[in-house]
Each structure stands twice: as structure tokens, then as C-alpha cells.
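Q: how would this look folded up:
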Amino acid sequence: MSNINGKVYAMNAITPMRPWKTWILRAFFFVLAHVKPLQADLVNLSFIQFARWVVIPRNRFPFLGKNQQPEELQYDYLLFFSNFNGTWNQYIDAFSAVLSKGLDLVWRWSEKFPGSVPVTPFKQYIARVQFDTDYYYTSYPQATANDVKAAHVVEDALESLGSHAASLSPEQFREAYLQFVMAVQSHLGSTGEAPTVF
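A: Numbers count the residues shown, from 1 in each chain. Have a look, this model is predicted:
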């Protein structure tokens, strides 16, 4: 599947909205961007590398000139882009369980949105509006977001050990090294291809 690169899965969803609803969603996005506590649940889902919603009004689609027929669209469109770690099912389950209220505030303006709870109709809806991703950028395709966070912990601990290692006696260094290993051992993950889940 083109959506998967290493441990990273990309998802794009496009949903139609009636134009009179667009301003309500834009107002919600404005509040969400400026009231940081409202973003806490999304930020705390550590398997999400990237998530973004974009609204495109029906009269703002690109028009390339006389060789293209102008479109007269009835709907504005809500685009959702995300990169995450894990399976599609895990991602949608977590969104439904943790972010159901926020998702309902965003997608409720889209046509035929069933709500994010219960999860089965929500998954069916996402499957219908999702498009395969041919190309996307990820800095560390062989690592999860948690792998990257863990690598920073290991790096900081190693730099701390290295900064004063020269002044330690062999016995002191042995003790400091053991403390370093014990402190970082739970942060030593493995990178590579994600396990195949059927």
C-alpha cells in the first residue's frame, strides 16, 4: 500500500461541507489555534507525527486557464492530512476513544458524518472519504514518534555522561556508566519496518 513508509502511515480524507457551515468551522479552528489547552488531547496522542485540517471554499479551487473548464461546485471541502505510527484501525480507534468530542466539532459540519462514536460507522465513513497517498515526507520513516523522543532522552543522558567522564576515576566512571545504562534502557527501541498486522 502506498500509504505506508517504514513505520509511518499517511492518511488523507476529503469531506464535502455546505458553504454556510464553513464559517462555523473556521471559527472553531481559530479558537482551537489560540486556546492551547484545547489541543492537549491531540498532542498527548504520541503516535501522531502530524495532523492538519484545511478548508477549501468551493470558489477557491485552482483554475489553470482556458484549457480547463471552470467548475461550479456545490460544496466547500474539508481536507484532513495526517502521518501516524501504528495501524489504521489503531489510529481510528484512538481518535474515537480519546478525541470524539473534538472530532465531532470538526467533522459534524461535513455531509453524512455519522459521529465518531460508535467507532464502526466512523471507520466506515473514513474509509469512504479517504484517498491513497502517493508521496509524503517523513524525516524518520524507520522510527515512530516515540522512537524519536526516546532518542533525545538517550542523547541528553549520553552528553551528560560525556561532559564529566574525563574527570572521573575508573571506579567512578563505572558507576556513572551503570547509572546511565539503567536510566536509558527503557528508551533503547528498535528502528526498522513496522511489523505486519493483518
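Q: For this structure, list the residue farthest from the centre, please.
A: Here the centre of the chain is the reference, and by Cα atoms, centre = their mean the most remote residue is S169, at 46.5 Å.
Q: contacting residues for it?
A: If you count contacts by Cβ atoms under 8 Å, 6 or more residues apart in numbering, S169 has none. (Glycine included, C-beta is placed from N, CA and C.)
Q: try 10 Å
A: Contacts for S169 (Cβ atoms under 10 Å, 6 or more residues apart in numbering) come out as E175.
Q: separation between it and V181?
A: 18 Å (Cβ to Cβ, to the nearest Å).
Q: K149 - nearest residue in space that isn't next to it in sequence?
A: Nearest residue to K149, sequence neighbours excluded (Cβ to Cβ, 6 or more residues apart in numbering): S46, at 7.2 Å.
Q: ok, that neighbour - how many residues close by?
A: Residues within reach of S46, counting by other Cβ atoms under 10 Å, total 12.
Q: How about F30?
A: 10.
Q: Scan the protein for its longest helix.
A: For the chain, the helix with the greatest residue count under DSSP state H is helix 145-165.
Q: residues making contact with it?
A: So helix 145-165 is contacted by 7-8, 45-50, 83-85, 139-140, 143-144, 168, 172-173, 176-177, 179-181, 183-192 (Cβ under 10 Å, 6+ apart).
Q: how far is that helix from where the chain is centred?
A: Taking Cα atoms, centre = their mean, to the nearest Å, the mean C-alpha location of helix 145-165 is offset from the chain mean by 24 Å.
Q: Mind listing what's buried along it?
A: 145, 147, 150-151, 154, 157, 161 (16 or more other Cβ atoms under 10 Å).
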